[in-house]
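no sequence for this one, just the structure:
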């Protein structure tokens, strides 16, 4: 299973609204889990079995809770039993499809 999630505190009391320290605490937990993962500017993706992935998400959410009075969690899951290595394989298939589509386009005609 792949899970993309974003977790952030509110009620932090910070004038600038920054949540990077809280997000760093969550990402640290994800990285220390040993599960395949990737963090972008908006989400962290993690791959593994249901129980292990959701345990990491729970612990990351609890860590963020230390930084504010509330926590917002956004989560999207791709549940595909029997598949693994999809964190990278899905991107590889996408890039391949883009490359194949580009080959048929050819150069512009004058």
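Okay, I see it. In this text the structure is predicted, and so the values were computed from the model without any measurement.

all strands of the protein, in order?
Using DSSP state E, the strands found in the chain span residues 2-10, 37-39, 44-47, 70-78.

okay, the ones you listed, which one's buried deepest?
For these, the largest average neighbour count (mean count of other C-beta atoms under 10 Å) is found in strand 44-47, namely a mean of 22. C-beta: built from backbone N, CA, C; applies to glycine.

ok so, going back, possible to save the strands of the chain as CSV with distance to residue 31 and mean pLDDT?
Output for those, formatted as CSV (distance: least, C-beta to C-beta, whole Å; pLDDT from 0 to 100):
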stretch, distance to residue 31, mean pLDDT
strand 2-10, 14, 96
strand 37-39, 6, 97
strand 44-47, 9, 98
strand 70-78, 18, 96
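
could I get those in JSON lines, plus columns for distance to residue 26?
Formatted as JSON lines, the strands of the chain follow (distance: least, C-beta to C-beta, whole Å):
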{"stretch": "strand 2-10", "distance to residue 26": "5"}
{"stretch": "strand 37-39", "distance to residue 26": "9"}
{"stretch": "strand 44-47", "distance to residue 26": "7"}
{"stretch": "strand 70-78", "distance to residue 26": "10"}
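
between these, which one is nearest to residue 59?
Residue 59 lies closest, by C-beta to C-beta, to one member of the strands of the chain: strand 2-10, at 10.6 Å.

residues making contact with the closest one?
19, 22-23, 26, 42-47, 53-54, 57, 60-61, 64-65, 67-78, 80, 86-87, 90 (C-beta atoms under 8 Å, 6 or more residues apart in numbering).

what do you get for stretch 36-54?
1-6, 26-27, 30-31, 33, 35, 56-57, 60, 74, 79, 84-88.

of the residues you listed, buried ones?
1-5, 26-27, 30, 33, 35, 56-57, 60, 86-87 (16 or more other C-beta atoms under 10 Å).

of those, which pair is most distant in space?
Checking the buried ones among the contacts of stretch 36-54 with C-beta to C-beta, the most distant pair is 26 and 86, at 21.8 Å.
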